[in-house]
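Enquirer: I would like the atomic coordinates for the input below:
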Amino acid sequence: MTVKIPATIVTGFLGAGKTTLIRGLLAQARGRRIALVVNEFGDVGVDGDLLAGCGIEGCAEEDVIELANGCICCTVADDFIPVMTRILNRPEPVDHIVIETSGLALPQPLVRAFEWPEVADRVTVDGVVTVVDAAAVAEGRFADDEAAVLERRAADPSIEHESPIQELFEDQLVCADIVLLNKADLLDAAGLDRVRAVAARDVRPGVTVLACAQGEVPITAVLGLGLAAEKDMAQRRTHHEREGVKEHDHDDFVSFHVDLPQPAGVEELLGRVAEACAVPDILRIKGFVDLGRDMRYVVQAVGTRVQGYFDRDWREGEERLSRLVVIGARGFDEERVARALGA
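Expert: A predicted model of the protein is given here:
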């Protein structure tokens, strides 16, 4: 029998730390050849470029493949299967495949895709890793009043009792084989206990839940689980499947990009981003900025947390764009965001 190549699916909400986790795993690969598939939501790729430019030994640019045509779970036939076939047919075989889903993607349809005839005999889902922004969950980001939501659900299961973000969070936890409570360093013991309690409502029995900071975990904790998750979908049903609805709609989220004038410096730039993040229904802002230096500047913002850092030198001939991707719930004020960013 042909030994199947293991694939790990890394999922989690926007800004939870998926890309940081993967960069850490690559740094621990020790010669293991890992192919990466990065699924962006939005018209400008950021995470794939961050990984391709990571500078980690063994992380070759040809090993990073980006799907930028929307949610991976909705483009299986057109995008995912051809990409997987390309990886599997390489003259030099890979040892492991890591797939980073969009922060807005359901993991369940992607896991099911590994049962497609084109890949079923050659690759298996080693495990599903869900990264949770512990600091955000501790602040109650997914519902204004979770207790009231649960009471209404119990009283009348026919109503639409949860926001799309809450349902997505729930589905990512239900599908997980390991849950990483990232950014745990931002919480005290009581705050971390609250997050564990929230996760426990949806995590399946026996699933490992680990607290971490900056996505730092041993590679053996997340790769090499050998679970063949695609054979266990009955225990990983989505929220809508459990309620008898099978379709997954991404119309609840929209994205657009903003080209920025060159800011005077880091302080001005991050101040603009913080102002834009304060616009109601903004979920995430990320991208690259030219600050007039030899190095490219990365911006990552979720909620009130705005971060930036220089990641690598600008390449010869590379267009030095200052472009940010903004992702939010449908109906947010795009003009207000653009004004805040100085566009």
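Enquirer: For the stretch 1-150 of the chain, which residues score under the pLDDT cut-off?
Expert: Along the stretch 1-150 of the chain, segments meeting pLDDT under 70 span 1-2, 40-79, 103-104, 141-150.
Enquirer: now the helices for it?
Expert: With DSSP state H, counting those that start in this stretch as the criterion, the stretch 1-150 of the chain has helices at 18-27, 47-52, 81-88, 107-113, 117-120, 134-138, 146-155.
Enquirer: Pull out the buried positions in the next helix or strand after the last one.
Expert: Spelled out, that is helix 146-155. Following helix 146-155 in sequence order, the next helix or strand is helix 164-175 (DSSP states H and E). Residues of helix 164-175 classed as buried: 164, 165, 166, 167, 168, 169, 170, 171, 172, 173, 174, 175 (neighbour count, 16 or more other C-beta atoms under 10 Å). For the C-beta atoms, the positions are set from N, CA and C on the backbone; glycine is no exception.
Enquirer: Just put these in JSON lines and tack on pLDDT and distance to residue 25.
Expert: As requested, the buried residues of helix 164-175 are exported to JSON lines (pLDDT from 0 to 100; distance: C-beta to C-beta, whole Å):
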{"residue": "164", "pLDDT": "59", "distance to residue 25": "29"}
{"residue": "165", "pLDDT": "68", "distance to residue 25": "27"}
{"residue": "166", "pLDDT": "75", "distance to residue 25": "29"}
{"residue": "167", "pLDDT": "78", "distance to residue 25": "28"}
{"residue": "168", "pLDDT": "80", "distance to residue 25": "24"}
{"residue": "169", "pLDDT": "85", "distance to residue 25": "23"}
{"residue": "170", "pLDDT": "87", "distance to residue 25": "26"}
{"residue": "171", "pLDDT": "88", "distance to residue 25": "23"}
{"residue": "172", "pLDDT": "91", "distance to residue 25": "19"}
{"residue": "173", "pLDDT": "93", "distance to residue 25": "21"}
{"residue": "174", "pLDDT": "92", "distance to residue 25": "23"}
{"residue": "175", "pLDDT": "93", "distance to residue 25": "19"}
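Enquirer: Among these, find me the one that's closest to residue 84.
Expert: residue 175 (18.9 Å; C-beta to C-beta).
Enquirer: Would you confirm that that closest one contacts residue 10?
Expert: No - Residue 175 sits out of contact with residue 10 when judged by C-beta atoms under 8 Å, with a separation of 11.6 Å.
Enquirer: which one of the buried residues of helix 164-175 sits closest to residue 121?
Expert: Nearest member of these to residue 121, counting by C-beta to C-beta, is residue 175, at 23.0 Å.
Enquirer: Could you tell me the angle between the strand ranked longest in the chain and helix 164-175?
Expert: Determined from DSSP state E, the single longest strand within the chain is strand 123-133. Angle of strand 123-133 versus helix 164-175, following axes from the mean of the first three to the mean of the last three C-alpha atoms, to 10 degrees, is 130 degrees.
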